[in-house]
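Participant: fold the following, please.
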Amino acid sequence: MHRPVREALAERRAVVALETTVVTHGLPRPENLETALAMEQAIAREGALGAFIGLLGGQIHIGLTPDELEHLARAGQVEKTSRRDLPLLLTLGRDGATTVAGTMACAALAGIAVMATGGIGGVHRDVQTSMDISADLTELGATAVAVVCSGVKSILDIARTRERLETLGVPVIGYQTDRFPAFYVRDSGLAVDARLDSPDAVAELIVASREVGNAGLLVTQPVSVDEALDRTELEDWVGQAERTAQARGIRGKSLTPFLLGELFRLSGGKTLRANQALLVANATLAARIAVALEGRRKGN
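Facilitator: Alright, predicted model coming up:
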């Protein structure tokens, strides 16, 4: 564990876990490292500590130094690491970038209660034939970490993802909104389970979830109005990207990064700007929630 993270946890100071696939697979260079540093800075401004989680040489790192983060950002092919992959990479001694599921698993081991990301994985649109359902959903149903995000990625089947979250017992909260966001789009057309309007209210829900033995919960915050994309236009781009992926036989772990890259190309960079904006905004909100949660713990 990175020394600043260890000290912060020992002193009951707020820590926010961050996934490293944002750096290795979610954003192009040099925006990947720039955005990662901006997320850490946003968290620090709120009085919390950002802890990127990844694997280096077969060891889990809770918190990364600037050099270690840059190593992952520039390393090229780094394994996407979900819960399933953790013991494999530990055994093989490889580097790995944690997904939402992998980050949640490691954060829970370290005692970190809140993480921030852009959008979680979910049920893919071709699920009837591919059976492709992200392990992020299963992890949310099993691991007591609150995930702050902008809903699920727009390339997914959002309605089926919402149904799956309900089946797994995961509360879906809208932060200052009644609508479930869809990553680049502010409103997916679906509702959230409940609306909460302050970090203190979210912290109270986290405490209540622990008291009744629930696992994870999802706190969703829409992308800003200035950076949001038009839903109809985005759907057209997604359709084009999916057809290209199908023609090239791209599926599995490679599918989401490929589709995001195609959306960047088709949108003329609009998706990248939206992604960067929502990542920093979600990191800020997660820090505020983590600070409020630690305040409640100390008050008790």
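Participant: mind listing what the most centrally placed residue in the chain touches?
Facilitator: Closest to where the C-alpha atoms of the chain average out (C-alpha atoms, centre = their mean) is residue 117, at 2.8 Å. Going by C-beta atoms under 8 Å, 6 or more residues apart in numbering, residue 117 touches 18-19, 22, 100, 103, 147-149, 279, 282. Glycine gets a C-beta too; all of them are placed from N, C-alpha and C.
Participant: any idea how far it is from residue 128?
Facilitator: Distance, residue 117 to residue 128, using C-beta to C-beta, to the nearest Å: 27 Å.
Participant: related to what we said a few turns ago, lowest pLDDT pick from the contacts of residue 117?
Facilitator: Here the lowest pLDDT out of the contacts of residue 117 sits on residue 22, with 92.
Participant: in stretch 126-138, what's buried?
Facilitator: By neighbour count with 16 or more other C-beta atoms under 10 Å, stretch 126-138 contains the buried residues 127, 132-138.
Participant: re earlier: which member of the contacts of residue 117 is positioned nearest residue 69?
Facilitator: residue 18 (9.7 Å; C-beta to C-beta).
Participant: beta partners for that closest one?
Facilitator: When assigned by DSSP bridges, residue 18 has beta-bridge partners residue 52, residue 116.
Participant: can you offset everything so residue one is 806?
Facilitator: Taking 806 as the first residue, the last one we looked at is residue 823.
Participant: quick check, it in contact with residue 853.
Facilitator: No. Counting by C-beta atoms under 8 Å, residue 823 does not reach residue 853; the two are 11.2 Å apart.
Participant: returning to what we had before: can you give me the distance of the residue nearest to the centre of the chain to residue 941?
Facilitator: Residue 922 sits at a distance of 9 Å from residue 941 (criterion: C-beta to C-beta).
Participant: all strands of the chain, in order?
Facilitator: 820-824, 854-861, 864-867, 884-886, 901-903, 919-921, 951-954, 977-980, 984-987, 990-996, 999-1001, 1022-1025 (DSSP state E).
Participant: run through this structure and note the low-pLDDT ranges.
Facilitator: 881, 1058, 1105 (pLDDT under 70).
Participant: how about the helices in the stretch 856-1005 of the chain?
Facilitator: Here the stretch 856-1005 of the chain has its helices, by DSSP state H, counting those that start in this stretch, at 871-879, 891-897, 905-915, 932-935, 940-945, 963-972, 1004-1016.
Participant: alright, calling it a day.
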